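*Asks:* Only the shape, not the letters, is given here:
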């Protein structure tokens, strides 16, 4: 095989195949950002996608000479083929499959077209035969130099295109922080319609600015059209990226708003519940005090009467029952005592009727600058999370809560049983919740964190030996509003 034939073979076959290999590698990486490979060996998963993609894409290679309708048809087929590759080789939701296949196909096509515009004028760098003769070069040497120039520009274009696409989809993966939840139809349309419109615009620009007889040459209008096409392609890529950034910002704002509303409702509920429980606890104390006095009087009166053993036994049982229902939490704060009693009753209903919250080490000194309500918010949310974790624990669950005052710091520690370890949500930095409403995920931890920050404090947590430990540190100062 001669040099010209070899160069033709490289230009026509080898370089396009290498471009498709780059395409397959990048697409596999993009899919891996939203899903999990189905094959246990990741390299084998990637290799299968690359081979299957290269074969089919070479068979359906884009040619700008195709009619507009044929071009759209081939594009749709290739997008659907990408969809099938992602479906068969990655575990991800249907909405993510559509998103990665459409978005990646559009970005890859626009970038390749953009670089084609930039490097498409390489024929201006080629040496004319007459100039080669003037320089003392034979025709075959001139031909070889021109072929190498074309090959070099294609290799440079392909490499640069792969790098641009890699950087672009890296930006997209970094901006989209909601990979672990589904896109609804409206969100998916918001994300993809600009991409589809950008691709159609790219094809329309080609049809308008590059007729079949187009030659760049020295025509100033042609050069202007060419530069305008490059600028428009860049703007289209920027538009797609900005659309995704705007979507992420809107999503974060909506989630933040929803969480704030839930927090406000939760805090109002906690406040109302605390007032109700405190009032009930106060009334119960008064009632029990009076009952003890009545039972004591009746017991003394019955002692002077012979017989009536049943009456004496009945009064004794009443006295024991009254003692049994005494408030058993004494933390130094009546509100917290009442809250613990209420939470323990909830735990009895959800876990076991004999369940007890261990709170002997929970003591609050007098004169705290920290508001009782804020302490209640922390303890209430911590126990709610602990009860939720204990419901999934197969052994005998436990919840223990304690506190310690060290100089100007108040430490509250809650320990509870957990099944296995914990998974951290990368978006919130808190343990993953099992609540069905996604907007309620992490609300309890967020509420505790915001409360701790009011006192220039912080949260810390860890899980070890099936015990989850939450530590809340607060400075004993007036709250920062």
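*Replies:* Structure's in. What do you need? Source: prediction; values computed, not measured.
*Asks:* make it CA atoms for all contacts and neighbour counts henceforth
*Replies:* Noted.
*Asks:* where does the stretch 251-400 of the chain dip in pLDDT?
*Replies:* 258-259, 262-327 (pLDDT under 70).
*Asks:* Show me the helices in it, by range?
*Replies:* 309-324, 334-350, 372-391 (DSSP state H, counting those that start in this stretch).
*Asks:* buried ones in the longest one?
*Replies:* Under the neighbour-count criterion of 16 or more other CA atoms under 10 Å, helix 372-391 has 374-383, 385-391 buried.
*Asks:* Could you tell me how many residues sit around the closest residue to residue 27 other than its chain neighbours?
*Replies:* Leaving aside its sequence neighbours, residue 27 sits nearest to residue 104 (CA to CA, 6 or more residues apart in numbering; 7.1 Å). Residue 104 sits with 22 neighbouring residues when counted by other CA atoms under 10 Å.
*Asks:* cool, residue 154 as well?
*Replies:* A count of nearby residues for residue 154, using other CA under 10 Å, gives 21.
*Asks:* tell me which element the residue nearest to residue 27 is part of?
*Replies:* Following DSSP states H and E, one finds residue 104 within helix 94-119.
*Asks:* Just name whatever secondary elements that helix is in contact with.
*Replies:* helix 15-34, helix 68-89, helix 139-175, helix 185-209, helix 220-303 (3 or more CA pairs under 8 Å, 6 or more residues apart in numbering; DSSP states H and E).
*Asks:* Test my guess that residue 34 contacts residue 98.
*Replies:* No: look at residue 34 against residue 98 with CA atoms under 8 Å: they stay out of range, at 11.4 Å.
*Asks:* What pLDDT does the model give residue 28?
*Replies:* What the model reports for residue 28 is a pLDDT of 90.
*Asks:* wait, what's in contact with residue 374?
*Replies:* residue 451 (CA atoms under 8 Å, 6 or more residues apart in numbering).
*Asks:* Also residue 448?
*Replies:* 377, 378, 381, 459.
*Asks:* For residue 399, see how far away the first one is.
*Replies:* Taken as CA to CA, to the nearest Å, the spacing of residue 377 relative to residue 399 amounts to 17 Å.
*Asks:* go on, the last one?
*Replies:* Using CA to CA, one gets 18 Å for the distance from residue 459 to residue 399.
*Asks:* per-domain residue ranges of this protein.
*Replies:* 3-256, 330-481 (automatic domain parsing).
*Asks:* looking at those, which one has the lowest mean pLDDT?
*Replies:* domain 3-256 has the lowest average pLDDT among these, namely a mean of 76.
*Asks:* Can you check the distance spanned by stretch 168-183, start to finish?
*Replies:* 21 Å.
*Asks:* go on, stretch 444-463?
*Replies:* Stretch 444-463: ends 18 Å apart by CA to CA.
*Asks:* Buried residues, that stretch. List them.
*Replies:* In stretch 444-463, counting by 16+ other CA under 10 Å, buried: 444-459, 463.
*Asks:* cool, and stretch 41-56?
*Replies:* In stretch 41-56, counting by 16+ other CA under 10 Å, buried: 45, 46, 48, 49, 50, 53, 54.
*Asks:* Out of those residues, which sit inside helices?
*Replies:* Those of the buried residues of stretch 41-56 mapping onto helices are 45, 46, 48, 49, 50, 53, 54, per DSSP state H.
*Asks:* With distance to residue 230 added, can I get those in TSV?
*Replies:* Putting those into TSV (distance: CA to CA, whole Å) gives the following:
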residue	distance to residue 230
45	36
46	33
48	35
49	31
50	29
53	28
54	27
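*Asks:* neighbours of the closest residue to residue 400 other than its chain neighbours, just the number please.
*Replies:* Of all residues not flanking residue 400 in the chain, residue 358 sits nearest, at 4.5 Å (CA to CA, 6+ apart). Applying other CA under 10 Å, we find 17 other residues in the vicinity of residue 358.
*Asks:* before we move on, back to that, ok, so of the buried residues of stretch 41-56, who is nearest residue 467?
*Replies:* Proximity of the buried residues of stretch 41-56 to residue 467 (CA to CA) peaks at residue 45, which lies at 38.0 Å.
*Asks:* Quick one: residues contacting the closest one.
*Replies:* So residue 45 contacts 37, 38, 39, 89 (CA under 8 Å, 6+ apart).
*Asks:* measure it to residue 80 for me?
*Replies:* Distance from residue 45 to residue 80, by CA to CA: 19 Å.
*Asks:* The helix or strand hosting residue 410 pairs with which strands, and in what direction?
*Replies:* Per DSSP H and E: residue 410 is located in strand 409-417. Paired with strand 409-417 in the same sheet, following DSSP bridges, are strand 399-406 (antiparallel), strand 467-475 (antiparallel).
*Asks:* got the contact list for the last one?
*Replies:* For strand 467-475, contacts defined as CA under 8 Å, 6+ apart pick out 382, 408-418, 452, 455-463.
*Asks:* before we move on, the earlier item: tell me the one of the ones in helices among the buried residues of stretch 41-56 nearest residue 347?
*Replies:* residue 45 (47.4 Å).
*Asks:* From residue 57, how far off is the closest one?
*Replies:* Taken as CA to CA, the span from residue 45 to residue 57 is 18 Å.
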